[in-house]
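Undergrad: task: produce atomic coordinates for the following.
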Amino acid sequence: MVGNVLTIITITTSPLMGSPMYYFLDHLYLIDACYSCVNTLKLVVDLLYEKKTSTFTGCMIQIFGEHFFGYADVILLTVMAYDCYVAIYKPLQYAIIMNQQLCDLLVGVSWMGVFLHGFIQIFFIFMLPFWFPNVIDHFMCDLNPFLNLACTDTHTLGLFVAVDSVFICLINFLLLVGSYGVILHSQRLEARCKALLTCVSYITAVVIVFVPFIFVYLLPSATLTIDKAVAVFYTMITPMLNPLIYTLRNAQMKNGIRKLCSSKATSTEL
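TA: Reported below is the predicted structural model:
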């Protein structure tokens, strides 16, 4: 939370906000900050109590939040890959192509798309019958362990959930690979190495987001023990790593944070 909020303040209070790249990064950090609240806060509260309970409505909100913010991260990374492609492949037309209207449209479509995805994920659950036992073998209300509580055959619904989730991940992953492939193919050897270094932050973020998602939804629900370990990674570690990935390799972000901290120190002294 500290890392994401600090980078959000740094971008919004500096001229960096005028750049499409940092405009998308600002939304990415906002998503990660919200995503951290979906599961981590509930986990901290549960650790303080011996009996860990949640209402049905609370579970539905948590599942919706997981898919809403989790897949917003996925789609926004694809949008950022397109921004990276335009910046490297068409630098002279970059300002014209990536204008503010297009940036707003891409972000708006991303938010609308993940809202629809999150709604679809929980829509059919409301019609399922539930009875005892009502114990979830997980530290959060995830779809697979929640479907196991239903008093009916959920094989078809579970398959639909897996196909829907994996389909979104694979489509965005192919778009990402295609974007980076065109970037690298269009450059000479020396420029190709420089382009790869420029996009290494994006590639790192893509790997730590996509691999856990695809891993969880491609494996059968019987592997819930492994799912819990992987869920810790994409619900807590990934939102923590994203600010570090983009900040440590970005001189402008590091300078912006230094200026923000120095201005705070000056104000405090005054």
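Undergrad: which of the helices or strands spans the closest residue to Ala81 other than its chain neighbours?
TA: Leaving aside its sequence neighbours, Ala81 sits nearest to Ser179 (CB to CB, 6 or more residues apart in numbering; 4.3 Å). (Glycine included, C-beta is placed from N, CA and C.) Here Ser179, judged by DSSP states H and E, is contained in helix 155-185.
Undergrad: tell me the mean pLDDT for that helix?
TA: Average pLDDT, helix 155-185: 73.
Undergrad: please apply the same query to stretch 130-141.
TA: Taken as a whole, stretch 130-141 has a mean pLDDT of 75.
Undergrad: what about that stretch, how long is it end to end?
TA: 14 Å (CA to CA, to the nearest Å).
Undergrad: mind listing what's buried in that stretch?
TA: Residues of stretch 130-141 classed as buried: Ile136, His138, Phe139, Met140, Cys141 (neighbour count, 16 or more other CB atoms under 10 Å).
Undergrad: do the same with stretch 108-128
TA: By 16+ other CB under 10 Å, the buried positions in stretch 108-128 come out as Ser110, Val114, His117, Gly118, Gln121, Ile122, Ile125.
Undergrad: separation between the closest residue to Pro129 other than its chain neighbours and Trp131?
TA: Once flanking residues are discounted, Pro129 sits nearest to Cys151: 4.8 Å by CB to CB, 6+ apart. Going from Cys151 to Trp131 by CB to CB, to the nearest Å gives 5 Å.
Undergrad: please name the residues that touch Val177.
TA: Contacts of Val177 were listed using CB atoms under 8 Å, 6 or more residues apart in numbering, and none were found.
Undergrad: what about it, distance to Leu28?
TA: For Val177 relative to Leu28 (CB to CB), the value is 19 Å.
Undergrad: now do Pro243
TA: Using CB to CB, Pro243 is found at 9 Å from Leu28.
Undergrad: okay, and the common contacts of those two?
TA: By CB under 8 Å, 6+ apart, no residue touches both Pro243 and Leu28.
Undergrad: list the contacts of the residue most central in space within the chain.
TA: For the chain, the residue sitting closest to the mean C-alpha position, by CA atoms, centre = their mean, is Asp73 at 2.5 Å. Asp73 sits next to Leu28, Ile31, Asp32, Tyr35, Val209, Thr238 when contact means CB under 8 Å, 6+ apart.
Undergrad: check Phe215 too.
TA: Taking CB under 8 Å, 6+ apart as the contact definition, Phe215 lies against Val230.
Undergrad: so Gly256 sits against Ser14, correct?
TA: Yes: counting by CB atoms under 8 Å, Ser14 is a contact partner of Gly256 at 4.7 Å.
Undergrad: who has more neighbours, the two?
TA: Between Gly256 and Ser14, Gly256 has the larger neighbour count (other CB atoms under 10 Å), namely 21 against 17.
Undergrad: and the gap between the more buried one and Thr247?
TA: From Gly256 across to Thr247, the span is 9 Å (CB to CB).
Undergrad: Ser36 - how many residues pack around it?
TA: With other CB under 10 Å as criterion, Ser36 counts 20.
Undergrad: oh, that last question was meant for Ile245, not what I typed.
TA: 17.
Undergrad: and the pLDDT at it?
TA: At Ile245, pLDDT is 76.
Undergrad: doesn't it lie inside a strand?
TA: No: counting by DSSP: H, G, I helix; E, B strand; the rest coil, Ile245 falls outside a strand, being helix.
Undergrad: and the gap between it and Ala81?
TA: With CB to CB as the criterion, Ile245 and Ala81 are 14 Å apart.
Undergrad: touching, Val79 and Phe24? I think so.
TA: Yes: Val79 lies in contact with Phe24 (CB under 8 Å); the separation is 6.1 Å.
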